[in-house]
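> The sequence and its predicted three-dimensional model are supplied below.
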Amino acid sequence: MNSRHYGGAAKLTWNTRLLRVGCAFTHRARVPAPAVFLVRPLWSADVRVSQENLDVTPDVPLRHHFDVYGNRRSRVLLPAGLSTVHYSAWVDVPDRAEDVDEDVTETSPDGLPDDVLLYTLPSRYCASDALGDEAWSRFGAHRPGYGRVSEICRHVHESRESGHGATGFGDLAHLVISFCRALTIPARYVLGYLPELDVRPVDAPMDFAAWVEVWLGDRWWTFDPRTNEPRTGRVVVGRGRDAADVAPVTTFGGPVLESMVVQAEEDLAPLWR
């Protein structure tokens, strides 16, 4: 565990853990191909990003901007032939799992903030308008609030474990979001890095992770139907209505993705910092 304190506005006053996160995308294009990458973590009150590097081989210019959701996107014209976009950074995260509060309640639509209302509506991969009857029959009798959302996550998680329902991690998140929105509970899709901290490692290549944020009370709460348990070390890259809003890479012109590598792990020897 690394406990550090920073000066100025970015001061962190709790124990933190240092992560190394990154990714590399290699494409082959017949002609120059525009692309947009969403791979850089979002800063927050308790997450600090440092030693950040994003580059392209061969060297071509990058342009950065924030999208309508506040995500940090990077635009590039991939050259013809083989090219690799590589990102790496160190990230300080709190040495604790996300908050849990079984007593927090739901907020009626008329009490939701204006910018939260969007996340009660159907979207491309979250057909909440088609799941209303099932959502109310399965979860309508549960006490409104954190417990009801937990029950939705448990159901989706166990459906996958038993071989029924959604299969991919993104599909699990979409199903939870769809059920929540069908019950008029605002929910949004989150893309990020998730290292295997304090859990049994999975024997599979590292990939981007997808989870859910649900508006309860007066804030967003984290839920993850894949793990169905609180986790330490979540690093948010992007938020949106569903995966269509936060794809790690969007390309135009048909370049072929030849390889993708994702890294998210604890840096146990940050002596140079």
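Received it, and whenever you're ready, just let me know what you need. Numbering: from 1, shown residues only.
> Show me how the protein divides into domains.
Following automatic domain parsing, one gets these domains for the chain: 16-95+248-266, 109-244.
> Give me the average confidence score over the last one.
Here the mean pLDDT over domain 109-244 is 93, rounded to a whole number.
> What is the end-to-end distance of it?
Counting by Cα to Cα, to the nearest Å, you get 25 Å between the two ends of domain 109-244.
> how distant is that domain from the center of its chain?
11 Å (Cα atoms, centre = their mean, to the nearest Å).
> tell me the phi and psi of the residue nearest to the spatial centre of the chain?
The residue lying closest to the centre of the chain (Cα atoms, centre = their mean) is L191, at 2.1 Å. Here is the backbone geometry of L191 (degrees, to the nearest 10): phi -110, psi 140.
> Next up, the contacts around it.
By Cβ atoms under 8 Å, 6 or more residues apart in numbering, the contact list for L191 reads 38, 208-210, 236-239, 243, 246, 248. Backbone N, C-alpha and C define where each C-beta goes, glycine included.
> repeat for R188
119, 177, 212-213, 220, 239-241.
> hmm, 7 Å instead?
By Cβ atoms under 7 Å, 6 or more residues apart in numbering, R188 lies in contact with 119, 213, 239-241.
> Could you tell me how many residues sit around D110?
6 (other Cβ atoms under 10 Å).
> start the count at 2, not 1, going forward
That works, and once the first residue is 2, the last one we named lands at D111.
> Under a three-state scheme, what state does it occupy?
helix (DSSP: H, G, I helix; E, B strand; the rest coil).
> and what of M261?
strand.
> ok, it - contacts?
24, 26.
> now do the one 5 residues further on
The contact partners of E266, by Cβ under 7 Å, 6+ apart, come to 20-21, 196.
> do T106 as well
Contacts of T106 by Cβ under 7 Å, 6+ apart are 145-146, 217-218.
> now the strands for the chain?
17-30, 34-38, 49-58, 63-67, 73-79, 82-95, 188-194, 210-217, 220-224, 236-241, 250-252, 257-267 (DSSP state E).
> okay if I get these as a markdown table plus distance to G141?
Putting the strands of the chain into a markdown table (distance: least, Cβ to Cβ, whole Å) gives the following:
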| stretch | distance to G141 |
| --- | --- |
| strand 17-30 | 40 |
| strand 34-38 | 40 |
| strand 49-58 | 41 |
| strand 63-67 | 38 |
| strand 73-79 | 39 |
| strand 82-95 | 35 |
| strand 188-194 | 16 |
| strand 210-217 | 17 |
| strand 220-224 | 18 |
| strand 236-241 | 27 |
| strand 250-252 | 37 |
| strand 257-267 | 37 |
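> Looking at those, which is nearest to D111?
Closest approach to D111 among the strands of the chain (Cβ to Cβ): strand 210-217, 13.7 Å.
> got a winner among the contacts of T106 for most neighbours?
Going by other Cβ under 10 Å, L217 tops the contacts of T106 with 23 neighbours.
> quick one, helices of the stretch 52-201 of the chain?
133-140, 147-162, 170-183 (DSSP state H, counting those that start in this stretch).
> now for the first one, which elements pack on it?
What it means is helix 133-140. If contacts are counted by 3 or more Cβ pairs under 7 Å, 6 or more residues apart in numbering; DSSP states H and E, helix 133-140 sits against helix 147-162, helix 170-183.
> what is the orientation angle of the last one with strand 188-194?
Direction vectors for helix 170-183 and strand 188-194, defined by axes from the mean of the first three to the mean of the last three Cα atoms, to 10 degrees, enclose an angle of 160 degrees.
> Can you give the contact residues for helix 170-183?
121-123, 126-129, 132-133, 136, 140, 150, 153-154, 157, 161, 166-167, 188, 190, 210-213, 215, 224, 226-227, 243-244.
> 6 Å instead, please
121, 126-127, 129, 132-133, 136, 153-154, 157, 167, 188, 190, 211, 213, 215, 226-227, 243-244 (Cβ atoms under 6 Å, 6 or more residues apart in numbering).
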